[in-house]
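**Q** What follows is a predicted protein model with its sequence.
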Amino acid sequence: MEFKEYLQIIKRNIRMFIFVVILVLVSGLTYFYARPISYDASLALNITRKGVDQTTDYKYDYYYRLGADEKFADTIVEWLKDPGTVARIYENSEISSNDLSLKKLTKLLKPEKRSSELVLVSFSSSDEKELKHISDLIKKEISKNINDLNYLQKDMNWFDIFGEEPVIVKHSFNLFIVSAGLLFFGIFLAFWVVLITHYFKEA
């Protein structure tokens, strides 16, 4: 079948074609506007030290410090990926983790090492105040883990973290991009709806 024949079929069924396109646009935009409001948060955890050795020798806090900081940043990331850690954080918030699977627990927090001394943690919620509370719980849980390690250390030069205030933004969508995507999908779907309808009429 040539391209002209496809155009003729669409022209004969133009009302159906336009209806499907409009239906997709209206349904899609209604979904985006009616969905619950959500917020995204980003928490910066800065790795610091509790002390510095006063010595001229190459020791832990000099030549090897950057490497050690980087390894400890990896440790913090793994802590925040651990379902047990995440469950302890959320059990003190208004969001219950009892009904969540291990896979879902590991997706609640998205930690990422950005440098040897910086870990960013991303997470979402429908409540802006809840995000601030979760941020405090994250800092508290990580600090507790570090203090548990510090208890076993005799060297004063152990790690600590400084958590900044979380950056919270309302989750939104780009109207132009969403509309363009829905329009493209609507045209694609309308094309096949018209062709299938035409096929069954001719059969």
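**A** Structure's in. What do you need?

**Q** backbone phi and psi for residue 109, please?
**A** phi -110, psi 140 (degrees, to the nearest 10).

**Q** Grab the longest strand from this protein for me.
**A** strand 39-49 (DSSP state E).

**Q** Enumerate the positions of that strand that are buried.
**A** 39, 40, 41, 42, 43, 44, 45, 47, 49 (16 or more other Cβ atoms under 10 Å). Where C-beta positions appear, they are placed from N, C-alpha and C, glycine not excepted.

**Q** helices and strands around the helix or strand harbouring residue 10, which ones?
**A** Using DSSP states H and E, residue 10 sits in helix 3-12. Using 3 or more Cβ pairs under 8 Å, 6 or more residues apart in numbering; DSSP states H and E, the elements in contact with helix 3-12 are helix 175-202.

**Q** what's the helix or strand bottoming out on mean pLDDT in the chain packed up against?
**A** Counting by mean pLDDT, DSSP states H and E, the weakest-scoring helix or strand in the chain turns out to be helix 102-108, with a mean of 76. Judged by 3+ Cβ pairs under 8 Å, 6+ apart, helix 102-108 is in contact with helix 83-91.

**Q** Just the buried residues of the helix it packs on, please?
**A** 83, 85, 86, 88, 89, 90.

**Q** Go through those residues and say which is closest to residue 27.
**A** residue 90 (33.8 Å; Cβ to Cβ).

**Q** Could you double-check that that closest one lies in contact with residue 108?
**A** Yes: Residue 90 lies in contact with residue 108 (Cβ atoms under 8 Å); the separation is 6.7 Å.

**Q** what does the longest strand of the chain rub up against?
**A** 61, 69, 72-73, 76, 116-128, 131, 134-135, 138-139, 142, 157-164, 166-171 (Cβ atoms under 8 Å, 6 or more residues apart in numbering).

**Q** so where's this structure shaky on pLDDT?
**A** 1, 50-68, 94-102, 150-157, 203 (pLDDT under 70).

**Q** now with 80?
**A** Applying pLDDT under 80 to the chain flags residues 1-3, 49-70, 92-106, 148-159, 171-173, 202-203.

**Q** in the helix holding residue 10, what counts as buried?
**A** 9, 10.

**Q** Just give me the neighbour total for residue 114.
**A** 11 (other Cβ atoms under 10 Å).

**Q** Now do it against residue 143, distance only.
**A** 20 Å (Cβ to Cβ, to the nearest Å).

**Q** just residue 76 next, same as before
**A** 11 Å.

**Q** and if you look at residue 108?
**A** Taken as Cβ to Cβ, the span from residue 108 to residue 143 is 19 Å.

**Q** Look at the two and report which has more neighbours.
**A** Legend: neighbour count by other Cβ under 10 Å for residue 108 and residue 143, higher for residue 108 (19 against 16).

**Q** quick one on the thing from earlier: so which bits of the helix or strand following the helix holding residue 10 are buried?
**A** The element immediately downstream of helix 3-12 (helix or strand, assigned by DSSP H and E) is helix 14-34. Of all the residues in helix 14-34, those buried under the rule 16+ other Cβ under 10 Å are 17, 20, 21, 24, 25, 28.

**Q** cool, stretch 104-119 as well?
**A** 105, 106, 108, 109, 111, 113, 116, 117, 119.
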